[in-house]
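Chemist: Predicted structure and sequence below. I'll ask about it afterward.
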Amino acid sequence: MVITACFAVSLFVAIILFRIRQTKFARIVWIVTSNLAVVLALIFTNPGEDIDLLFLILIALPFLIFSRKEEPVLLLTSFFMPIVLWVFCVTSGVIGASMFLFGIPLMPSAMDLDTLNRAMRVTVGVSLVAEICIFAYITARTSQELYIANKDALMALKLKDDFLATMSHEIRTPMNGMIGMIEVMETMPQSIEQKRAVGTIRNSSLSLLRIIDDILDANQIDRGQLDIEVSRTEIRSVVEGAVVTLQTMADDNDVRLALCIDPEVPEWTLADSGRLRQIVLNLLSNAIKYTADDLIGRSECVYVCLKQEVNGNLILEIEDEGVGMSEELQKKLFQPFIQGELTTTRRVDGTGLGLVITKQLVQQMGGEIVTESALGKGTKVSVSLPLPALPSSKKLSNMAALDIVYVKESRQIRLWHLPESLQKMGAQFHEAAISEDGLPEVGNTSQNQIFLLHSQDDQISERWQKHIRAHAINPFFILLSQKRSDKLGQLDADVVRIQSNPVLHSELMAAFSLLTSENKRPEKRAIPPEKHSAREVKKDRSEIKLLVVEDNEINRIVLLKQLEILGYEADIAENGEDGLSLWKSGKYSAILTDCNMPVKDGFEMTQDGRIWEEQQAKPRLPVIAITANALKGDAEKCLDAGMDDYLAKPIEIKSLEHKLEILIGD
């Protein structure tokens, strides 16, 4: 009765605590009071009774009520507590000491000791078996709950993927019309204001497209499916292309761009060119946004540097002179939806996903990303990538023979890292002083010296050229222009204009090559072959007939206009069934088809068309899938259906032209 009363009181207290949601405290009270109840029972036990066997139940109890993973300290404490109490009771003579401790005599037992002890052993054994059964039941129930939760999570993940795929398709379809028609407008004659307006619309559309791609990539990160596809990559062109892409954004924010690609960087490497470009775009666009003149109140520069470490790793450094970050913000920088500007009024747009995706990409490439920043002083981001170099030939072998003179107007900022790069490649480089009358001091000159003229005033540049020609022997000129509207390329036999802000390594090398390839002046400037034959190319393409299968009217208009600009003729089908009928007519050189259409979709049309070709022994007709889906597996699905290539909306004219040239061979 005493033992039962103690256990009942402890359980009653635990239930009350459970009811008021003090769960952990209730379990602690339960285990402590149970141990104290057994100790109290031992005090009133007659000598020879095996009531201390109850400690075995208490030793097993903690494994039922405490979590081994989340509460290891409580579990171990509760496990050793009965052992310690049992040792204490045995060694201190507490058993049967009720008269000594409380003045209460022991009650005589109604049963003999053997019967009582057998009953005690059975009770303890049954209790232990019951605890094991309870533990097994709890484990089984937990496993079942985990199974159901995992099943629900997989179903939710599938629903999320389906939702993203649908939303991607629904958003990309009208965006294809927007960006496609913008490209068409860019081919038409426009005023300067119209060009600026069209450029703004294009940049806004591409920004929206990048947000969609970031969301899709974030979904792939959650699933651990952000893939890296390694192939032979020309890394210089990837970095330069990304920088050129963001020139308009930099100009709009009054930010100067400076680019340095170390000569020791290999020409070719093994990398995922698309993901590498994504890394540069994400980091550089952030640097531009946080260096904007309306954010910091002045015009500053963003520096992009690509170099090689001693261990062979490639280092990409992007440094800005913008708002910078506090230490607190740097710790949260790579968390989703975190902005680099923690103010009550947000002045910088973005989802905050770009850096998260960038870090994941860098880590999957086996690299490392490090940020250094100080509030109000700018930010530097360094990315180290272990990209193996591939053998390649140098594009310019006679750099050691070049003698380059740099002439800079006083208000221009000196070219970043260019002198060091040219000298590292073996060229002689020195800067000419400007005299009081504003003319460069030419001094002693050598044959075919190259003068690098850095001025934004065309009259000053022409005056310099006239002065240098009068004092130098057969000089060559490379003009650096900051105006995006200036005509670039070879302007005369001895004059080439390239852009500054930034100076592109490829353009500079091409300029050197144009001026020094034959070491003499051509009498007449040749027309580039591609421009000379443009009409002939369009004439040849006009004889090629294409079939466009698309259910969306806007997308049909855009595709037809793009094909018209490229010189192709095309017929239209509004669904896969009509497309298959026209396919069988044999009039077409290739088919451009949407994937999701009513009546019969592009996959079914292609599969039926391939079966028909096989049955009729017809040659294989090239089929290009044009779809708004951009999730993992879409390209493979198109190829499995029998299509030959894949283009994701929005379609750019250059990409469309490239695919058609490969498949048709025009």
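Modeler: Good, I have the coordinates. These figures come from a predicted structure and were not determined experimentally.
Chemist: check which helix or strand covers residue 55.
Modeler: Here residue 55, judged by DSSP states H and E, is contained in helix 54-60.
Chemist: and that helix, what does it pack onto?
Modeler: Judged by 3 or more C-beta pairs under 8 Å, 6 or more residues apart in numbering; DSSP states H and E, helix 54-60 is in contact with helix 23-43, helix 72-92, helix 113-186. Just so you know, the C-beta spots here come from the backbone N, C-alpha and C atoms, and that holds for glycine as well.
Chemist: Quick one: mean pLDDT over the helix or strand that it is followed by.
Modeler: Heading C-terminal from helix 54-60, the first helix or strand you meet, by DSSP H and E, is helix 62-65. Rounded to a whole number, the mean pLDDT of helix 62-65 is 79.
Chemist: Give the buried residues for helix 62-65.
Modeler: Buried residues in helix 62-65, counted by 16 or more other C-beta atoms under 10 Å: 62, 65.
Chemist: Can you add mean pLDDT, distance to residue 551 and mean neighbour count and give the helices and strands packed on helix 54-60 back as a markdown table?
Modeler: A markdown table is the format used below for the helices and strands packed on helix 54-60 (pLDDT from 0 to 100; distance: least, C-beta to C-beta, whole Å; neighbours: other C-beta atoms under 10 Å):
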| stretch | mean pLDDT | distance to residue 551 | mean neighbour count |
| --- | --- | --- | --- |
| helix 23-43 | 83 | 58 | 18 |
| helix 72-92 | 87 | 61 | 15 |
| helix 113-186 | 79 | 10 | 14 |
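Chemist: Quote the end-to-end distance of stretch 252-263.
Modeler: Length of stretch 252-263, first residue to last, C-alpha to C-alpha, to the nearest Å: 31 Å.
Chemist: Sort out which residues of that stretch are buried, please.
Modeler: In terms of neighbour count (16+ other C-beta under 10 Å), stretch 252-263 has its buried residues at 253, 255, 256, 257, 258, 259, 260, 261, 262, 263.
Chemist: again with stretch 485-503
Modeler: 490, 494, 495, 496, 497, 498, 499, 500, 501, 502, 503.
Chemist: That one - what's its average pLDDT?
Modeler: Averaged across stretch 485-503, pLDDT comes to 83.
Chemist: What about the buried residues of stretch 252-263, which are in helices?
Modeler: Among the buried residues of stretch 252-263, the subset assigned to helices under DSSP state H is empty.
Chemist: Identify the residues contacting the helix holding residue 55?
Modeler: Residues outside helix 54-60 that contact it (C-beta atoms under 8 Å, 6 or more residues apart in numbering) are 3, 31, 34-35, 38, 41, 79, 81-83, 85-86, 124, 127-128, 131-132.
Chemist: Confirm that residue 242 sits in a helix.
Modeler: Yes - counting by DSSP: H, G, I helix; E, B strand; the rest coil, residue 242 is found in a helix.
Chemist: Quick check: which element contains the closest residue in space to it that isn't next to it in sequence?
Modeler: Nearest residue to residue 242 in three dimensions, chain neighbours excluded: residue 280, at 3.9 Å (C-beta to C-beta, 6 or more residues apart in numbering). Residue 280 is located in helix 273-289, with elements delineated by DSSP H and E.
Chemist: any idea how far residue 276 is from residue 234?
Modeler: Distance of residue 234 to residue 276, computed by C-beta to C-beta, to the nearest Å: 11 Å.
Chemist: For the two, work out which one has more neighbours and name it.
Modeler: Higher neighbour count among residue 234 and residue 276: residue 276, with 25 against 18, using other C-beta atoms under 10 Å.
Chemist: The more buried one touches residue 235, doesn't it?
Modeler: Yes - applying C-beta atoms under 8 Å as the test, residue 276 and residue 235 come out as touching, 7.2 Å apart.
Chemist: Tell me which stretches of the stretch 501-650 of the chain form strands.
Modeler: For the stretch 501-650 of the chain, the strands defined by DSSP state E, counting those that start in this stretch cover 545-549, 569-573, 590-593, 623-627, 645-648.
Chemist: just checking, what packs against the last one?
Modeler: In terms of contact count using 3+ C-beta pairs under 8 Å, 6+ apart, strand 645-648 is assigned the packing partners strand 623-627, helix 634-640, helix 653-664.
Chemist: Generate CSV for the ones you listed, with mean neighbour count and distance to residue 443 as supplementary columns.
Modeler: Listed next are the helices and strands packed on strand 645-648 as CSV, based on neighbours: other C-beta atoms under 10 Å; distance: least, C-beta to C-beta, whole Å:
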stretch, mean neighbour count, distance to residue 443
strand 623-627, 24, 60
helix 634-640, 16, 61
helix 653-664, 16, 47
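Chemist: for these, which one sits closest to residue 415?
Modeler: With C-beta to C-beta as the measure, helix 653-664 is the member of those nearest residue 415 (30.2 Å).
Chemist: Work out the gap between that closest one and the centre of the chain.
Modeler: Here the centre of helix 653-664 is set off from its chain's centre by 27 Å, with C-alpha atoms, centre = their mean, to the nearest Å.
Chemist: Give me the mean pLDDT for that helix.
Modeler: Averaging pLDDT along helix 653-664 gives 84.
Chemist: Could you list every helix and strand in contact with that helix?
Modeler: Counting by 3+ C-beta pairs under 8 Å, 6+ apart, helix 653-664 packs on helix 553-566, strand 590-593, strand 623-627, strand 645-648.
Chemist: Any idea which of these gets closest to residue 100?
Modeler: If you check each of the helices and strands packed on helix 653-664 against residue 100 by C-beta to C-beta, strand 645-648 wins as the nearest, at 88.7 Å.
Chemist: Go through the buried residues of stretch 485-503 and name the one nearest residue 163.
Modeler: Using C-beta to C-beta, these come closest to residue 163 at residue 502, 40.9 Å.
Chemist: Correct me if wrong: residue 292 contacts residue 251.
Modeler: No - when contacts are counted by C-beta under 8 Å, residue 292 is not listed as touching residue 251 (11.2 Å).
Chemist: between the two, which one's more packed in?
Modeler: Using other C-beta under 10 Å, the more surrounded residue of residue 292 and residue 251 is residue 292, with 21 against 16.
Chemist: residue contacts, the more buried one?
Modeler: Taking C-beta under 8 Å, 6+ apart, we find residue 292 in contact with 253, 254, 255, 322, 348.
Chemist: Mind putting those residues into CSV with distance to residue 464 and pLDDT?
Modeler: What follows is the contacts of residue 292, written out as CSV (distance: C-beta to C-beta, whole Å; pLDDT from 0 to 100):
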residue, distance to residue 464, pLDDT
253, 31, 85
254, 27, 87
255, 28, 89
322, 34, 86
348, 41, 49
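Chemist: Having no further points to raise, I will conclude here.
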